[in-house]
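Colleague: Predicted model and sequence below, questions to follow.
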Amino acid sequence: GDSVTQTEGQVTVSESKSLIINCTYSTTSIAYPNLFWYVRYPGEGLQLLLKVITAGQKGSSRGFEATYNKETTSFHLQKASVQESDSAVYYCALETGGYKVVFGSGTRLLVSP
Amino acid sequence: DMKVTQMPRYLIKRMGENVLLECGQDMSHETMYWYRQDPGLGLQLIYISYDVDSNSEGDIPKGYRVSRKKREHFSLILDSAKTNQTSVYFCARGSGQLYFGEGSKLTVL
């Protein structure tokens, strides 16, 4: 079946430092999946952060970037300089044929002042 | 509007009771989803609905069934709830980008 792996359950980063949240995926689909990062800020609902539907392309939003790497089957989330307001839970997800969307287990980001 | 509404937001049931979780959307979008989320496990897909009476099992359908008689409404039904079905349930709509409801927290005692 399809799966998404996020190895870090929680990441703590000091404000203004760089961030990387790891995401790898596995799919049995012969077509390349669409890849997403969703985010849940404290007290808010889950919402889309960014998406990339073409292998090799980069998506960006709110200073975050993620590159769809089909060779390593990865879609790591990066930011050059985090802020306290970035503290949230981040979920990597893939969409295969039939609109099936599979999520990773999530990574909680804590940004310390 | 992209609003997805879930009812009830909180529910406490005893083991063996039936549970009905309801989800509504205001865009008549075709594809709708039910997920459950447990600590450390992320969101697990229960069912997908492509349209009225066109539903497909997700990764963990056992113990659940769904009903979609109108495009705007998608219900999740637990016949004879079990304690291990205590969870937060999320409904979503969309394709390519999902829009989520606020969740329904179910406790089965």
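Modeller: That came through, no problem. Please read all numbers here as calculations on a predicted model, not as lab measurements.
Colleague: what residues does chain A put near chain B?
Modeller: With Cβ under 8 Å from any Cβ of the partner chain as the criterion, chain A comes near chain B at residues A:1, A:4, A:6, A:9, A:34, A:36, A:38, A:45-48, A:51, A:53, A:91, A:95, A:98-106. (C-beta placed from N, C-alpha, C; glycine too.)
Colleague: Only whichever of those are buried, select them in PyMOL.
Modeller: Selection of buried members from the residues of chain A next to chain B for PyMOL, criterion 16 or more other Cβ atoms under 10 Å in any protein chain shown:
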select buried, chain A and resi 4+6+34+36+38+46+48+51+91+95+99+100+101+102+103+104+105+106
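Colleague: so what does the longest strand along chain B touch, helix or strand wise?
Modeller: Longest strand in chain B, counting residues (DSSP state E): strand B:42-51. Judged by 3 or more Cβ pairs under 8 Å, 6 or more residues apart in numbering or on different chains; DSSP states H and E, the packing partners of strand B:42-51 are strand A:101-103, strand B:32-38, strand B:54-57, strand B:65-70, strand B:73-78.
Colleague: go with 7 Å
Modeller: Applying 3 or more Cβ pairs under 7 Å, 6 or more residues apart in numbering or on different chains; DSSP states H and E, one finds that strand B:42-51 contacts strand A:101-103, strand B:32-38, strand B:54-57, strand B:65-70.
Colleague: can you pull out the strands in chain A?
Modeller: Using DSSP E, the strands of chain A run over residues A:3-5, A:10-14, A:19-21, A:24-26, A:34-40, A:47-52, A:58-61, A:64-67, A:77-79, A:88-95, A:101-103, A:107-112.
Colleague: I'd like to know which of these is closest to B:Asp53.
Modeller: Ranking those by their distance to B:Asp53 (criterion: Cβ to Cβ) puts strand A:101-103 first, at 21.4 Å.
Colleague: any idea of the angle the longest strand of chain B forms with strand B:73-78?
Modeller: Between the axes of strand B:42-51 and strand B:73-78, defined by axes from the mean of the first three to the mean of the last three Cα atoms, to 10 degrees, the angle is 130 degrees.
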